[in-house]
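Undergrad: Any chance you can model this:
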Amino acid sequence: MDIKILGTGCPNCKTLDKLTREVVEKNGIKANITKVEDILEIIKYGVMSVPALVVDGKVVVNGRVPSSEEIKQLLMK
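TA: You can find the predicted model right below:
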């Protein structure tokens, strides 16, 4: 699984990164997590509001920080 955290480094972006890494570790999910801070790269995903969570190339959440449980559900699909 390829996970990207899109964000420019704001507190919400850092929170999403931290929560996602915790969920992956706690649930033994095999994933490659990358933080994308380059605004031009973020725009390529069609994201206008950060933070955003991208799983296997698909934007699954943007503009807010989901709960740990919601992240788990998105990753376990």
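
Undergrad: partner residues bridging the most centrally placed residue in the chain?
TA: The residue lying closest to the centre of the chain (C-alpha atoms, centre = their mean) is Leu53, at 2.7 Å. Listed by DSSP bridges, the beta-bridge partners for Leu53 are Ile5, Val61.

Undergrad: My read is that it contacts Val65, right?
TA: No - look at Leu53 against Val65 with C-beta atoms under 8 Å: they stay out of range, at 9.3 Å. In short, each C-beta sits where N, CA and C put it, glycine included.

Undergrad: so what's Val54 up against?
TA: The contact partners of Val54, by C-beta atoms under 8 Å, 6 or more residues apart in numbering, come to Ile3, Lys4, Ile5, Leu6, Tyr45, Val60.

Undergrad: Quick check: it vs Glu41, distance?
TA: Separation of Val54 from Glu41 (C-beta to C-beta, to the nearest Å) stands at 11 Å.

Undergrad: Find residues that contact each of these two.
TA: Here Val54 and Glu41 have Leu6 as joint contacts, going by C-beta under 8 Å, 6+ apart.

Undergrad: Spell out, range by range, the helices that occur in this protein.
TA: 11-26, 39-44, 68-76 (DSSP state H).

Undergrad: quick one, the last one and helix 11-26 angle?
TA: Helix 68-76 and helix 11-26 are oriented at 60 degrees to each other (axes from the mean of the first three to the mean of the last three C-alpha atoms, to 10 degrees).
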